[in-house]
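Trainee: whatever this is, show me its structure:
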Amino acid sequence: MENVRILCLKPEFFQTKAAIYQGGNMLFLKSIKHPKEKLESFEKVTDQHQYRAEEVLHELKEADIRIDLIRVVIGRGGLLKPIPSGIYMVNDRMKEDLVNSSLGAHSVNLGGLIADDLSKMLPDAKAYIADPVVVDEMEDIARVTGWAEFQRHSVFHALTQKAIARRHAKAVLQNYEEMNLIVANLGEGISIGAHKQGKVVDVNQAFDGEGPFSLERAGSLPLGNLVKMCFSGKYTEKEVMWKIRAEGGMMSHCKTRSLYEIEEMIDEGNEDVIFVFKAMAYQVSKYIGSLIVALKGKVDGIILTGMIAHNKMFTDFVIEHIGNIASVHIYPGECISDGLAMNAQMMLKGEIEAKEYL
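Mentor: Okay, here's the model as predicted:
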């Protein structure tokens with residue numbers, strides 16, 4: 001078991017991140033860039049899976065990785081139907097749903113497909129995903145909206161939120177399943193979840209639904225204004241959805257979604273950018289505060305994670321506004337590969353069992 005290796009995959013728009021773990025240690029990490037013109041030659045995003053899998057295998061061989069020791073290939077989960085938290089074997093039904101997702105095309109849907117391709121290229125490996133973005137543990141009362149035709153849905157950074165929550169629980173010598181936590185994942189999209197004794201009982205729909213605006217997503221908007229824009233004749237449905245998912249937030253206000261460029265403008269003293277950046281922190285703080293209700297006021301800790309958690313101006317602003325609720329703990333950076341490896345290790349140790357996607 002000590003020699004067993006785990007290959008973790010995180011597909012992004014123009015790159016695929018691949019990491020190898022063994023015994024809890026990362027042995028290899030590579031961000032494999034894919035030429036824009038090559039990706040644009042595919043009709044759909046999900047058509048890229050075979051090409052990306054071959055690129056990953058090539059990089060592993062170039063790095064002299066012992067691919068014969070890889071037993072688990074685990075990819076970031078995609079826009080599937082709502083499912084409970086856990087690790088899932090990639091099967092034909094999952095692959096079909098990833099290719100034909102009702103929630104739309106996105107690079108996140110490639111994780112399970114690439115994992116499946118690679119498991120077939122390797123001598124003795126199986127393919128899995130873990131805690132996809134559609135993990136649904138919401139309480140029924142949290143689903144209700146002011147319009148009978150609509151329900152709130154759970155689409156969030158489930159893998160990251162749960163991995164960081166488990167890491168924090170271990171750090172404070174507690175069991176995740178016995179704690180009440182509020183976790184804010186701060187990245188290109190922002191999701192904030194109420195974790196009640198191991199289940200995320202309320203969370204914003206961070207893909208195209210609601211919550212704070214982020215680096216590129218619009219978050220909650222004034223409904224009247226949105227309806228008028230939709231019927232203005234200026235935009236198609238596809239264009240409106242793109243504006244909500246990829247041209248909102250800081251991108252809309254500052255014409256960039258790059259945190260590096262935003263921080264450069266802040267360092268140069270750009271007051272407009274500073275104001276909008278603080279407004280994003282204000283919305284994050286307000287949403288964290290709202291989730292006290294889901295935990296009935298019993299909050300053991302608040303966790304800030306993701307790449308924006310590196311920014312001290314942002315985290316200081318949030319702490320100033322919500323620090324009296326509970327202790328605030330900052331775990332900056334991305335932990336998707338670590339989260340995938342954690343789930344695979346728990347499965348290999350027999351602590352959890354792989355589930356079947358139905």
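Trainee: so Gly198 makes contact with Asn180?
Mentor: No - Gly198 is not in contact with Asn180 according to C-beta atoms under 8 Å; the separation is 10.0 Å. Bear in mind the C-beta positions are built from the backbone N, C-alpha and C, glycine included.
Trainee: can you give me the helices for this protein?
Mentor: Listed in chain order, the helices of the chain (DSSP state H) span 36-39, 49-62, 92-99, 110-121, 158-171, 223-230, 237-246, 249-254, 259-267, 271-290, 312-322, 336-348.
Trainee: in the third one, what counts as buried?
Mentor: So that's helix 92-99. In terms of neighbour count (16 or more other C-beta atoms under 10 Å), helix 92-99 has its buried residues at Met94, Lys95, Asp97, Leu98, Val99.
Trainee: ditto for the last one
Mentor: Using 16+ other C-beta under 10 Å as the burial criterion, the residues of helix 336-348 that qualify are Ile336, Ser337, Asp338, Gly339, Leu340, Ala341, Met342, Asn343, Ala344, Gln345, Met346, Met347.
Trainee: can you put the buried residues of helix 92-99 in JSON lines and add pLDDT?
Mentor: Below are those laid out as JSON lines (pLDDT from 0 to 100):
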{"residue": "Met94", "pLDDT": "96"}
{"residue": "Lys95", "pLDDT": "96"}
{"residue": "Asp97", "pLDDT": "95"}
{"residue": "Leu98", "pLDDT": "95"}
{"residue": "Val99", "pLDDT": "94"}
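Trainee: what's the most distant pair in those residues?
Mentor: The span of the buried residues of helix 92-99, defined through C-beta to C-beta, is set by Met94 and Val99 at 9.8 Å.
Trainee: neighbours of Val45, how many?
Mentor: Neighbours of Val45 under the rule other C-beta atoms under 10 Å: 19.
Trainee: now do Ser290
Mentor: Per other C-beta under 10 Å, the neighbour tally for Ser290 reads 15.
Trainee: what about it, distance to Ile319?
Mentor: To Ile319, Ser290 is 17 Å away according to C-beta to C-beta, to the nearest Å.
Trainee: residues contacting the residue nearest to Asn204 when sequence neighbours are not counted?
Mentor: Nearest residue to Asn204, sequence neighbours excluded (C-beta to C-beta, 6 or more residues apart in numbering): Gly211, at 3.0 Å. Gly211 is in contact with Ile190, Ser191, Ile192, Asn204, Gln205, Gly219, Ser220, Gln283, Tyr287, counting by C-beta atoms under 8 Å, 6 or more residues apart in numbering.
Trainee: isn't the fourth one right next to Phe213, touching?
Mentor: Looking back up the chat, that one is Asn204. No - Asn204 is beyond contact range of Phe213, at 11.1 Å (criterion: C-beta under 8 Å).
Trainee: redo the buried residues of helix 336-348 as JSON lines? Include pLDDT and distance to His310.
Mentor: As requested, those are exported to JSON lines (pLDDT from 0 to 100; distance: C-beta to C-beta, whole Å):
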{"residue": "Ile336", "pLDDT": "93", "distance to His310": "16"}
{"residue": "Ser337", "pLDDT": "95", "distance to His310": "17"}
{"residue": "Asp338", "pLDDT": "95", "distance to His310": "16"}
{"residue": "Gly339", "pLDDT": "95", "distance to His310": "18"}
{"residue": "Leu340", "pLDDT": "97", "distance to His310": "21"}
{"residue": "Ala341", "pLDDT": "97", "distance to His310": "22"}
{"residue": "Met342", "pLDDT": "95", "distance to His310": "21"}
{"residue": "Asn343", "pLDDT": "96", "distance to His310": "25"}
{"residue": "Ala344", "pLDDT": "97", "distance to His310": "27"}
{"residue": "Gln345", "pLDDT": "95", "distance to His310": "26"}
{"residue": "Met346", "pLDDT": "95", "distance to His310": "28"}
{"residue": "Met347", "pLDDT": "96", "distance to His310": "31"}
